[in-house]
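# okay, here's the prediction I keep looking at, along with the sequence it came from:
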Amino acid sequence: MLVAAGFLAAVPAFADKPNVVILATGGTIAGAGADVAKSATYQAAKVPVDKLIAGIPTLGDVAQVRGEQVFQIASESFTNEHLVTLGKRVAALAKQRDVDGIVVTHGTDTLEETAYFLNLVVHTDKPVVVVGSMRPGTAMSADGMLNLFNAVNVAASQDARGKGVLVTMNDELNSGRDVSKMVNIKTEAFKSPWGPLGMVVEGKNYWFRLPAKRHTLNSEFDIDKIETLAPVEIAYGYGNVGDTAYHALADKGAKAIIHAGTGNGSVSNRVVPALRELRSKGVHIIRSSHVNAGGFVLRNAEQPDDQYDWLVAHDLNPQKARILAAVALTKTNDSKELQRIFWEY
Ligand SMILES: NC(=O)CC[C@H](N)C(=O)O
């Protein structure tokens, strides 16, 4: 930690160790099961953050660590309000001179959404690391302890600065922008379609690549200026689909609908008229793809987006596209601007 000479007297004796704050929100990493064999049936969001920290005595060798219990929930119950509250807390801590890095413990179901959200809206170059686990701490071969140990190491390290929000699971260092839960029963659950940024092994980071998209300090979005997110919903594409869901979501007030399309964001001819009608009424239509290993949706491929004034989410999966649209719509309602944002972030 760099400290101006004039402030040295105020720095406490443990100042040689970086200060890391763990913001706990729940999930399996705070889960508990009935016995050691229960790796998949257990209750999420049970164990308080102080107990998680106390469970890893060697954390004290890495950093001066303290915890805050922000929420205690399963992440499928995260709302936009939870995102805004958490984002503001991360941003406030990042501004503190006595905080060097921040870890967010999180359920894995929507971890990829929160990590991308923080990556978009928190203006800091300090490491922000989001982490979860696939097995509760009460199970044999629980993965949370090592994942959290790695997360604190990354948050405490100088070389993790300026790389955007990171996710450390299964020894990999992934960008919070790219990473997604690909499988829900393996500890190797989180993957980035374009590969990890690096590995964290025995507390040391090994970097192989850098994020190319705008994030954190280089983002035009700032959580300090956001109070609510725009209502954005997702509708799924599949064979025999009809237009009911799209109309229902728009009737409930959606400002944008993410089309979680088949293949490269293709749209059934049974749905196209409804989407054109909704766009003419002001609802943004954003074509994304629900293919598992990573979609890649280009403008005017499959559908004439220029003619219909629709948008494409490019490589963002539907849930990440929802996050970006919900943030972007707090700044602009212009479709050209929104499309620029989808290319840049
Ligand atoms: N592995 C997990 O964390 C899943 C538990 C729970 N569904 C959650 O997302 O919080």
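Now that the structure is in, tell me what you want to look at.

# dihedrals phi and psi, the one residue in the stretch 101-250 of the chain that gets nearest to the ligand?
Closest residue of the stretch 101-250 of the chain to the ligand, C-beta to the nearest ligand atom: Gly107 (1.8 Å). C-betas here are computed from N, CA, C, even on glycine. Dihedral angles of Gly107 (phi, psi; degrees, to the nearest 10) stand at phi -60, psi 150.

# ok, now Gly26?
Torsion angles, degrees, to the nearest 10, at Gly26: phi 120, psi -150.

# which non-adjacent residue is nearest it?
The shortest distance from Gly26 to any non-neighbouring residue, by C-beta to C-beta, 6 or more residues apart in numbering, is to Ala45 (3.2 Å).

# distance check, the one you found against Tyr238.
Ala45 sits 32 Å away from Tyr238, going by C-beta to C-beta, to the nearest Å.

# who's more crowded, these two?
When Ala45 and Tyr238 are compared for neighbours, Ala45 comes out ahead with 20 against 10, by other C-beta atoms under 10 Å.

# mind checking pLDDT for that one?
Ala45 is assigned a predicted lDDT (pLDDT) of 96.

# list the contacts of it.
26-27, 30-31, 72-74, 107 (C-beta atoms under 8 Å, 6 or more residues apart in numbering).

# can you tell if stretch 150-168 touches the ligand?
No: Stretch 150-168 does not reach the ligand (C-beta under 6 Å from any ligand atom); its nearest approach is 12.7 Å.

# show me which residues of that stretch are buried.
Neighbour counts over stretch 150-168 (16 or more other C-beta atoms under 10 Å) mark 150-157, 160, 162-168 as buried.

# so Phe296 sits in a strand?
No: residue state for Phe296 (DSSP: H, G, I helix; E, B strand; the rest coil) corresponds to coil; a strand is not indicated.

# which residues does the spatially closest residue to it that is not a sequence neighbour contact?
Excluding the flanking residues, the one nearest Phe296 by C-beta to C-beta, 6+ apart is Asp315, at 5.5 Å. By C-beta under 8 Å, 6+ apart, the residues touching Asp315 are 193-194, 294-297.

# which residues touch the closest residue to Val201 other than its chain neighbours?
The spatial neighbour of Val201 that comes closest, neighbours along the chain excluded (C-beta to C-beta, 6+ apart), is Asp171 at 6.2 Å. Contacts for Asp171 (C-beta under 8 Å, 6+ apart) come out as 146, 150, 199-201.
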